[in-house]
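Participant: got a predicted structure here, sequence first:
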Amino acid sequence: NSKALELGGIGVGTPDPAAGKIERDPDTGEPTGTLLETAKETVIQDLVAYYSFEQDVAALEAALLRLATTGITTIHDIIATRDQVRAYQVLHSQGRLPVRVMMLIRIFESDFDRGSLPDLGLVAPFGDGLLWFGGSKISVDGATSSRSAMFKTEVPGQPLDRAIVRVPQDALDETVARYQ
């Protein structure tokens, strides 16, 4: 993890990003390598930027083929970029999509303009039996797996000081009202 932190420019003086947390050694302040929620995006974006669109398509196809060989026939994927949509469309149009894929469009923390998505007029389901739009995704808080989910009261194994709110309540209310 230290190499990934270095590549992402994350060190002792790096502040926690909005809606994210860099875990640190309590004595030294050094990052431990655990990046919660949006804190991982800096590292991911720097690493992903090394690959071309064609390499991304090939990697997606390889991952989907691996799923298919294990017997998985259908997945859902939370889509955050136009290139992800395009990659699925390329595989689909070339007959290289080995599993059925329902795409969920991420509304926050994505390349998409949150205000313009409803203007597309998409209504789920949209697509065909192999590739379709299944709805949208909003991650309002952290995750139970990283112990960063938001709870109103203490939950065993879920310390409140690790909770991360990714979407402020007013933005959530406005978006839900617009998307209904």
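Facilitator: Done, it's in.
Participant: okay, CA-based contacts and neighbour counts for the rest of this
Facilitator: Fine.
Participant: the helices in this protein, which residues?
Facilitator: 2-7, 39-48, 53-69, 82-93, 169-179 (DSSP state H).
Participant: go through the ones you listed and find the least confident stretch.
Facilitator: Here the helices of the chain differ in mean pLDDT, and the lowest is helix 39-48 at a mean of 65.
Participant: how near is Asp16 to Asp77?
Facilitator: In this view, Asp16 and Asp77 are 27 Å apart by CA to CA, to the nearest Å.
Participant: with Ile107 instead?
Facilitator: 13 Å.
Participant: for Gln180, same thing?
Facilitator: Applying CA to CA, one obtains 22 Å for the distance of Gln180 from Asp77.
Participant: looking at this protein, which residue lies furthest from center?
Facilitator: No residue in the chain has its C-alpha farther from the mean C-alpha position than Asp27, which lies at 31.3 Å (CA atoms, centre = their mean).
Participant: tell me the confidence at that residue?
Facilitator: Looking at Asp27, the pLDDT reads 90.
Participant: phi first, then psi, for it.
Facilitator: According to degrees, to the nearest 10, the main-chain angles of Asp27 amount to phi -90, psi -40.
Participant: with mean neighbour count and distance to Ala163 added, can I get the helices of the chain in JSON lines?
Facilitator: Converted to JSON lines, the helices of the chain look like this (neighbours: other CA atoms under 10 Å; distance: least, CA to CA, whole Å):
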{"stretch": "helix 2-7", "mean neighbour count": "14", "distance to Ala163": "22"}
{"stretch": "helix 39-48", "mean neighbour count": "15", "distance to Ala163": "13"}
{"stretch": "helix 53-69", "mean neighbour count": "15", "distance to Ala163": "32"}
{"stretch": "helix 82-93", "mean neighbour count": "15", "distance to Ala163": "29"}
{"stretch": "helix 169-179", "mean neighbour count": "12", "distance to Ala163": "15"}
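Participant: make JSON lines out of those helices and add distance to Thr153.
Facilitator: Conversion of these to JSON lines gives the following (distance: least, CA to CA, whole Å):
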{"stretch": "helix 2-7", "distance to Thr153": "33"}
{"stretch": "helix 39-48", "distance to Thr153": "25"}
{"stretch": "helix 53-69", "distance to Thr153": "38"}
{"stretch": "helix 82-93", "distance to Thr153": "37"}
{"stretch": "helix 169-179", "distance to Thr153": "18"}
